[in-house]
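Asker: Sequence and computational prediction follow.
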There are 2 protein chains.
Amino acid sequence: MQQISERFIEDLALGATVLGTGGGGDPYIGKLMAQAAAAMYGPADLVSVDDLADDALIVPSAMMGAPTVMTEKIPGGEEVIAAFSALQDYLGREITHTMSIEAGGLNSTIPLVVASRLGLPLVDADMMGRAFPELQMCTPTMWGISATPMAIADEKGNTTILKTVDNHWTERLARSICVDMGTTAMIALYVIDGKTLKESCIPGTMTLAAEIGGIIRAARTAHLDPIDAVLERIGGFRLFSGKVVDVQRRTESGFARGEARFAGVDADAGTTLRIRFQNEHLIATRDDTVLATVPDLITVFDADSGEPITTEELRYGFRVVVAGVPCNERWRTPSGLDLVGPRYFGYDLDFVPVEQRVADRLRGS
Amino acid sequence: MQQISERFIEDLALGATVLGTGGGGDPYIGKLMAQAAAAMYGPADLVSVDDLADDALIVPSAMMGAPTVMTEKIPGGEEVIAAFSALQDYLGREITHTMSIEAGGLNSTIPLVVASRLGLPLVDADMMGRAFPELQMCTPTMWGISATPMAIADEKGNTTILKTVDNHWTERLARSICVDMGTTAMIALYVIDGKTLKESCIPGTMTLAAEIGGIIRAARTAHLDPIDAVLERIGGFRLFSGKVVDVQRRTESGFARGEARFAGVDADAGTTLRIRFQNEHLIATRDDTVLATVPDLITVFDADSGEPITTEELRYGFRVVVAGVPCNERWRTPSGLDLVGPRYFGYDLDFVPVEQRVADRLRGS
């Protein structure tokens, strides 16, 4: 058990945005919310998965909706407590821990608000190892674990408890409610015990994210290239260097959907990169060549500062480096690809690991 | 306390459709469901409001959605039990009675399924004295009584519990869920105690509906005009005689919306009646003259049989009598008209009582 410091929160928000692959929410807001909660209610404790009792009762807490909306409708902190408390009341059992459902600037820090406020430790794990746009896209779904009972709450005071026949129905009903609530809402879901968490979740995501954030910070201080340092740590590949020439973004059906185009510079001069996204980056294509697809991570970094950039922050003229990072191996299984492969998102593409795509291009095939 | 007979159910389904003013669901399906439940689980008991203990805990059960869909997606009976039981579990208190939320062919008989199956008495009352399309349009809303906690269930096994800040939010969130569930769903809501029910609900609706059904049946047997007999009992007025020439119906946003046009016959020859509806009939206009508006009842009867016709059953060529019936006086108050007056439904019209509109026309003003 480790007390979470202000520095840890700062590094976590930054590093989780790298893993958030364009989504996962705004790290600046996430950092401020978690730091404010720590200042008011005391810092939270971080518990490693190995130290978790089998009968611990863990409930992740998160924001759902379109990050494009969240930049204007900033969460207040009470909504996530309302969702968490509504689920606690419904369960009628004491929840012992909270955790992050996904890695992301906001969704890795929101659970710290719950942890500080309610005095619950945070588990060092998540359910994606990155961010994904839909609720069923969590590793426990592959273990047959229900996302429900799930609570959804808004800032007005409305709460909903869902019990669904499968996790796709959870997503469908929750998305409609989320849209009605203003296209962002706070949620608590995937009630899980310690034993099941150890089997079905991704351990160490919080400390990995904080380590990534720390690497960016340290590299900047040392005047080293933070992007190289990060990619070395997480086994990622530079895919493209360029500048943003167009971003088409629409908020529809509770998501931020669209695509961004980048004109190549340096070695990529004369080529165009296109990234399509649904909250998170899904597919990166240079001219006619697919460079990377879900579930591998596609991360856009500011070329100078090494800061990861979320889709809602992308602006015309930004100089960027686009990187591809292998996803957690669980997503590369047949059941993983059923949930989050390119075909689920409507693209007529087989999944090919990003490292293989890179090797194929280097071999000129 | 009175045991509900097969004949009572038949009369109830028929008479409640008169009060259903075009909506409230299909009486044939409603009758069969209630009779089947009575045959399998025993007949239910009917309790008058006067005999209700102040600390009784009553929960109405109903269908919500578009009646146009219900004619193809017939409810099975399990869904309403699922909704009712989910709310019972959430409350953690024993529900002692069920009741009808509105008068309608299906929504006055669905509670009998719950009553028979769970062995709970049915209260002889409802919350509208007619049918209305939206959940907040219940007399308890005027008493500040919350529609939530509310349960919604579908035939697949999904259930949702809502807690909302007001009854308009209940409608908004529940409607989206209902649409996702296939545009019909079963609900349990407006948890109310006996004392509050006595103050805020409309007593006697079940026996009134059964009486109306009995009047139609008796008049037919005696070769008398059933429409005259019914209108005499409920103080209604013949507004128009004609035949259906056009029905425009669309299922949108969880409702059956549209309008029907009728060509006049007999004294109304040469004129056209237009009825606009949202599940229920809202406005009846003959040429340029408004004949009746919500919250007064506009009921379409088959001219020969005296059977009330719901909007989803209206067909080209039907010979009909259209009648207007004064609504319960609670709806004619300022707070009632805020909830269910013509302006709420988007019509730029003041509410004028149907009896006054009739008198004005007779005076030639």
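Answerer: That came in fine, so what should we check first?

Asker: what bits of chain A have low per-residue confidence?
Answerer: Applying pLDDT under 70 to chain A picks out residues A:365.

Asker: Now do the helices in it.
Answerer: A:6-19, A:27-41, A:67-70, A:78-91, A:110-118, A:139-142, A:167-180, A:194-200, A:205-221, A:226-234, A:334-340, A:354-362 (DSSP state H).

Asker: Run a quick check on A:T98 versus A:L122, I expect a contact.
Answerer: Yes: using CB atoms under 8 Å, A:T98 is in contact with A:L122, at 6.0 Å. Glycine gets a C-beta too; all of them are placed from N, C-alpha and C.

Asker: Turn the helices of chain A into CSV, columns for mean neighbour count.
Answerer: CSV is the format used below for the helices of chain A (neighbours: other CB atoms under 10 Å in any protein chain shown):
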stretch, mean neighbour count
helix A:6-19, 26
helix A:27-41, 20
helix A:67-70, 22
helix A:78-91, 21
helix A:110-118, 26
helix A:139-142, 21
helix A:167-180, 23
helix A:194-200, 17
helix A:205-221, 21
helix A:226-234, 19
helix A:334-340, 17
helix A:354-362, 15
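
Asker: Nearest to B:R343, out of those?
Answerer: Closest to B:R343 of these, according to CB to CB: helix A:167-180, at 23.5 Å.

Asker: which residues touch the closest one?
Answerer: Contact partners of helix A:167-180, identified using CB atoms under 8 Å, 6 or more residues apart in numbering or on different chains, comprise A:64-65, A:134-136, A:138, A:141, A:146-148, A:150, A:152, A:160, A:162, A:164, A:184-185, A:187, A:189, A:253-254, B:156, B:158, B:160, B:172-173, B:176-177, B:179-181.

Asker: Filter those down to the buried ones, ChimeraX style.
Answerer: Buried subset of these, written as a ChimeraX selection, criterion 16 or more other CB atoms under 10 Å in any protein chain shown:
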select /A:64,65,134,135,136,138,141,146,147,148,150,152,160,162,164,184,185,187,189,254 /B:158,160,172,173,176,177,179,180,181
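
Asker: Looking at the contacts of helix A:167-180, which are in strands?
Answerer: Using DSSP state E, the subset of the contacts of helix A:167-180 located in strands is A:64-65, A:150, A:152, A:160, A:162, A:184-185, A:187, B:160.

Asker: Determine which two of these are furthest apart.
Answerer: For those, the maximum inter-member distance is 19.2 Å, found between A:T184 and B:T160 (CB to CB).

Asker: tell me which parts of the stretch 101-250 of chain A are close to chain B?
Answerer: Taking CB under 8 Å from any CB of the partner chain as the criterion, the neighbours of chain B within the stretch 101-250 of chain A are A:156-165, A:169, A:172-173, A:176-177, A:179-181.

Asker: how about A:G341, what does it touch?
Answerer: Contacts of A:G341 by CB under 8 Å, 6+ apart are A:293-295, A:351.

Asker: Most neighbours among those residues, which one?
Answerer: Within the contacts of A:G341, most neighbours by other CB atoms under 10 Å in any protein chain shown means A:V294, with 29 neighbours.

Asker: Could you break chain A into its assigned domains?
Answerer: A:2-205, A:227-362 (automatic domain parsing).

Asker: out of the helices of chain A, nearest to B:F237?
Answerer: Nearest of these to B:F237, taken as CB to CB: helix A:167-180 at 40.3 Å.

Asker: coming back round to it: out of the domains of chain A, nearest to B:L12?
Answerer: Closest to B:L12 of the domains of chain A is domain A:2-205 (CB to CB; 32.2 Å).

Asker: How many neighbouring residues does A:I145 have?
Answerer: So A:I145, with other CB under 10 Å, has 20 neighbours.

Asker: which residues touch it?
Answerer: Counted by CB under 8 Å, 6+ apart, A:I145 has contacts A:190, A:192, A:196, A:200.

Asker: Looking at these, which one is closest to chain B?
Answerer: A:Y190 (16.8 Å; CB to the nearest CB).

Asker: quick one: A:I216 and A:A13 touch, right?
Answerer: No: between A:I216 and A:A13 no contact is recorded; they are 11.1 Å apart, counting by CB under 8 Å.

Asker: wait, which of the helices of chain A is closest to B:T289?
Answerer: The nearest among the helices of chain A, by CB to CB, is helix A:167-180 at 38.9 Å.

Asker: send the alpha carbons of that closest one over as CSV?
Answerer: Output in CSV follows, covering the C-alpha atoms of helix A:167-180 (Å, rounded to 0.1, in the frame of the first residue of the first chain):
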residue,chain,number,x,y,z
ASN,A,167,-22.6,-6.1,-21.6
HIS,A,168,-23.6,-4.9,-25.0
TRP,A,169,-27.1,-4.2,-23.6
THR,A,170,-25.4,-2.3,-20.8
GLU,A,171,-23.6,-0.1,-23.4
ARG,A,172,-26.8,0.4,-25.4
LEU,A,173,-29.1,1.5,-22.5
ALA,A,174,-26.4,3.4,-20.7
ARG,A,175,-25.5,5.4,-23.8
SER,A,176,-29.1,6.6,-24.3
ILE,A,177,-29.3,7.6,-20.7
CYS,A,178,-25.9,9.4,-21.0
VAL,A,179,-27.1,11.3,-24.1
ASP,A,180,-30.2,12.4,-22.2
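
Asker: quick check: angle from that helix to strand B:159-163?
Answerer: 30 degrees (axes from the mean of the first three to the mean of the last three CA atoms, to 10 degrees).

Asker: Over in the stretch 251-365 of chain A, which residue gets nearest chain B? Let me know.
Answerer: A:G254 (10.8 Å).

Asker: quick one on the thing from earlier: and the ones in strands among the contacts of helix A:167-180 as TSV, adding distance to B:L46?
Answerer: Converted to TSV, these look like this (distance: CB to CB, whole Å):
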residue	distance to B:L46
A:M64	45
A:G65	47
A:M150	39
A:I152	38
A:T160	34
A:L162	35
A:T184	47
A:A185	42
A:I187	43
B:T160	30
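
Asker: and which of those residues is nearest to A:R276?
Answerer: Compare each of the ones in strands among the contacts of helix A:167-180 with A:R276 using CB to CB and the shortest gap goes to A:G65, at 19.4 Å.

Asker: now the residue lying closest to A:T109 once chain neighbours are set aside: how far from chain B?
Answerer: Closest residue in space to A:T109, ignoring its immediate chain neighbours: A:G30 at 3.5 Å, by CB to CB, 6 or more residues apart in numbering or on different chains. Using CB to the nearest CB, to the nearest Å, A:G30 is found at 27 Å from chain B.

Asker: I'd say A:G30 and A:E10 touch.
Answerer: No: using CB under 8 Å, A:G30 is not in contact with A:E10; the gap is 10.3 Å.

Asker: Stretch A:331-339: how far from the chain's middle?
Answerer: A distance of 18 Å separates the centroid of the chain from that of stretch A:331-339, by CA atoms, centre = their mean, to the nearest Å.
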